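Chemist: Any chance you could fold what I've pasted below:
(one chain, ligands or ions: 1)
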Amino acid sequence: MGFRYNQPAMNHKINQIENLILDMDGVLWHGETPVPGLASFFKEIKRRHMGYILATNNATETPEQYANKLDRFGIDVPAERILTSAEATAGYLRKTYPAGRSAYIVGEIGLHKAMGSQGFRILDEEIDDLLSVQADVVVVGMTRHVCYRHLAIANHLISNGATFIGTNPDVTFPSEIGRMPGAGSILAFLETASGIIPKVIGKPNGIMFREAIQRLSGSVDNTVMVGDRMNTDIAGAHSVGLRTVLLMSGIATREDLKSATIEPDWVFDDLRSFAAAFETTLPVPGNN
Ligand SMILES: [Mg+2]
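Modeler: Below is the predicted model of the structure:
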């Protein structure tokens, strides 16, 4: 099938795009399975000397781990081109707090490493003497090892004045057996318990997109966001003025598109049909 075309703000053709911000889950792969044409897509964007950043709300792994995953798929992507919401969160907090401030983390290795590399003093997960400890920030992301004790400590610290930060708002994420509870669900638990609303850094927050554009030395005019989720990838990119490509290979459905208040500039079935469009001139609206 063809693709829907909405008049982009700058009326650029898709083959005039210089930089891509690519979501990962549902765009590049499903779990451990690369999407069809993944390797040739990267060959093509390298051949065209296009800039790219892979930007994911997944805060559980490090950029190096994602680079290794891509390597297993036969694709060479340097870790510096991978931006996780854990890194965006730690980078944002570094700009807000001087080095050496204390952080309690509910999250996995991706978040621990990102916060540590930005100079935060990471509090012991198990804190024995809670009454004697204070934290400057409590940072919460997706973790498959969460337990009541850690949530209770986080809630105690938040209720006693620590700034409550979330890596990303996704309430679920896709898995081989269906949708699983994500960071947003853990945040909801703590928000309910503490009565305090967290500041959430990942997509759709503009912080992620601005960081990606900065790494690309790009601008909103020569960069597009490619994603599979309307409420994070497309809505967030749109809010900072980026043009957007929605791929139907992940979360978004045709029904989501019908009910959406924001429309992506381009819609393709998958990465392969997006790459094929590099060679073509976009069809005239209403003529496809
Ligand atoms: Mg995705």
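
Chemist: what about the closest residue to residue 208 other than its chain neighbours, neighbour count?
Modeler: Using C-beta to C-beta, 6 or more residues apart in numbering and skipping residues adjacent in sequence, the residue nearest residue 208 is residue 88, 4.9 Å away. Where you see a C-beta, it was placed from the backbone N, CA and C, and this is true even at glycine. Neighbours of residue 88 under the rule other C-beta atoms under 10 Å: 27.

Chemist: The one 5 residues further on too?
Modeler: Residue 93 is surrounded by 23 other residues when neighbours are defined as other C-beta under 10 Å.

Chemist: Which pLDDT value does the model give it?
Modeler: On the pLDDT scale, residue 93 is placed at 97.

Chemist: residue contacts, it?
Modeler: 103, 115, 118, 120, 137, 139, 165 (C-beta atoms under 8 Å, 6 or more residues apart in numbering).

Chemist: Go through the helix or strand harbouring the residue nearest to residue 208 and flag the buried ones.
Modeler: Assessed by DSSP states H and E, residue 88 sits inside helix 85-96. Going by neighbour count (16 or more other C-beta atoms under 10 Å), the buried part of helix 85-96 is 85, 86, 87, 88, 89, 90, 91, 92, 93, 94.

Chemist: The ion next: which of those residues are close?
Modeler: When those are checked against the ion using C-beta under 5 Å from the ion, none falls in range.

Chemist: Closest one of those residues to residue 18?
Modeler: For the buried residues of helix 85-96, the closest approach to residue 18 (C-beta to C-beta) belongs to residue 88, at 22.1 Å.

Chemist: so what's whichever residue of the stretch 101-250 of the chain sits closest to the ion closest to, chain neighbours aside?
Modeler: Relative to the ion, the nearest point of the stretch 101-250 of the chain is residue 228 (4.4 Å; C-beta to the ion). Counting by C-beta to C-beta, 6+ apart, residue 228 lies nearest to residue 250, which is 2.8 Å off, once chain neighbours are set aside.

Chemist: In terms of pLDDT, where does the one you found sit?
Modeler: In this model, residue 250 carries a pLDDT of 88.

Chemist: do the same with residue 254
Modeler: pLDDT at residue 254 comes out at 87.

Chemist: Give me every residue in this structure lying close to the ion.
Modeler: Residues of the chain lying close to the ion (C-beta under 5 Å from the ion) are 23, 25, 26, 228, 250.

Chemist: residues contacting the first one?
Modeler: Which is residue 23. Residues in contact with residue 23 (C-beta under 8 Å, 6+ apart) are 54, 55, 56, 203, 225, 226, 227, 228, 229, 233, 250.

Chemist: Now the residue nearest to residue 120 when sequence neighbours are not counted: which helix or strand?
Modeler: Spatially, and ignoring its direct neighbours in sequence, residue 120 is nearest to residue 103 (4.3 Å; C-beta to C-beta, 6+ apart). Assessed by DSSP H and E, residue 103 sits inside strand 102-106.

Chemist: show me what contacts the residue nearest to residue 208?
Modeler: The neighbours of residue 88, taking C-beta under 8 Å, 6+ apart as the test, are 201, 202, 207, 208, 211.

Chemist: Phi first, then psi, for residue 237.
Modeler: phi -60, psi -40 (degrees, to the nearest 10).

Chemist: what's the distance between residue 278 and residue 139?
Modeler: Using C-beta to C-beta, to the nearest Å, we find residue 278 at a distance of 39 Å from residue 139.

Chemist: Those two: which is more packed in?
Modeler: residue 139 (30 against 17).
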